[in-house]
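> Would you be able to build a 3D model of this:
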Amino acid sequence: MKRAPAFCGVILAAGESSRMGRPKALLPWGRGTFLSGAIHVLNNLTDLVIVVAGTIASELRPIADANAGYLVRNPHPERGQFSSLQIGVQEVLNRGRDAAIITLVDRPPAKPETVSHLQQRFLTLVEQDIWAVVPEFEAAHGHPIIVGREMIGSFLAAPPASNARDVIHANQSHVAYVPVTDPFVTINIDTPQDYERLITSSEIPASR
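A predicted model of the protein is given here:
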C-alpha cells in the first residue's frame, strides 16, 4: 500500500553565530529575516513548521509566532547541531507526522520551487525504499533535506555525539541525491563578509 507522508518543516536555529557576531536567524532577507523566510517557504509545503532554538529563543519566538511557526527550545545547544536535529525530529513524531523537510537557519532559504521539487522527488521515490532526499548543487550536498520515518528513526537512535552526515552515509543505499540549480542549498553564511557578498548578489528576493 502506498504511503502518503504527512510533512513537518524543521528549522535548526540554535547555533551561537559566533563568527557572524549577531544571530544569523535575524539577518535581514527580503522584507523579513533568514528565519521568517525559511518559515514562509516551508509553511506552503508542510502541515507545521518547527523552529528549534537555543539561548536566544526569546528573540526568535516573536518571529516564529508571527509567521505561524512552532518554537521549541534545545536546553543544551552546546551539545551541537545534532542535538537540535534530534529534538526537532522527535517533535515531528510527537505531532503525529512521519516526514520532515529539514533546513538550517544560517543560510538564505532555498527557493520555493527547489523545495517543492525535492519534496515531489521524495514522494515519487519513497516506495522505492528511499528514506531521504538530499539536494546537490555543483557536486556539493546541501539543505533542505527531506526525510521519512525510517531516517528519522535512524537520527533518533544515533549516539548524541553523531552528526547527520554520518547517519545519512551509514544509510547510503536509502538516500537519493537530487541535482538542483539553486545555489542557496549549499551557501554557508558564517561571517559578515559572507553576508555582504550575498546581499549584493542578484539572487536576493524582492520580498517575503
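
> In terms of pLDDT, where does residue 44 sit?
We have a pLDDT of 93 for residue 44.

> any idea how far the nearest residue to it once chain neighbours are set aside is from residue 6?
In space, and not counting its chain neighbours, residue 44 is closest to residue 112: 6.5 Å by C-beta to C-beta, 6 or more residues apart in numbering. Where C-beta positions appear, they are placed from N, C-alpha and C, glycine not excepted. For residue 112, the distance to residue 6 equals 20 Å [C-beta to C-beta, to the nearest Å].

> And for residue 167?
Taken as C-beta to C-beta, the span from residue 167 to residue 6 is 22 Å.

> neighbour count winner among these two?
Neighbours per residue (other C-beta atoms under 10 Å) separate residue 167 from residue 6, with residue 167 holding more: 20 against 15.

> show me what contacts that one?
151, 154-155, 158 (C-beta atoms under 8 Å, 6 or more residues apart in numbering).

> Equivalent analysis for residue 34, please.
Counting by C-beta under 8 Å, 6+ apart, residue 34 makes contact with 24-27, 105-109, 189.

> Show me the contacts of residue 167 that map onto strands.
The strands, defined by DSSP state E, take in nothing from the contacts of residue 167.

> ok, residue 168 touching residue 175?
Yes - judged on C-beta atoms under 8 Å, residue 168 makes contact with residue 175 at a distance of 5.7 Å.

> Find residues that contact each of those two.
With contacts defined as C-beta under 8 Å, 6+ apart, the residues shared by residue 168 and residue 175 are 132, 134.

> what about the helices in the chain?
All helices of the chain, identified by DSSP state H, fall at 34-43, 57-66, 81-94, 112-125, 149-157, 164-170, 192-199.

> The shortest one: how far from the chain's middle?
Just to be clear, that refers to helix 164-170. Relative to the chain's own centre, helix 164-170 is displaced by 16 Å; criterion: C-alpha atoms, centre = their mean, to the nearest Å.
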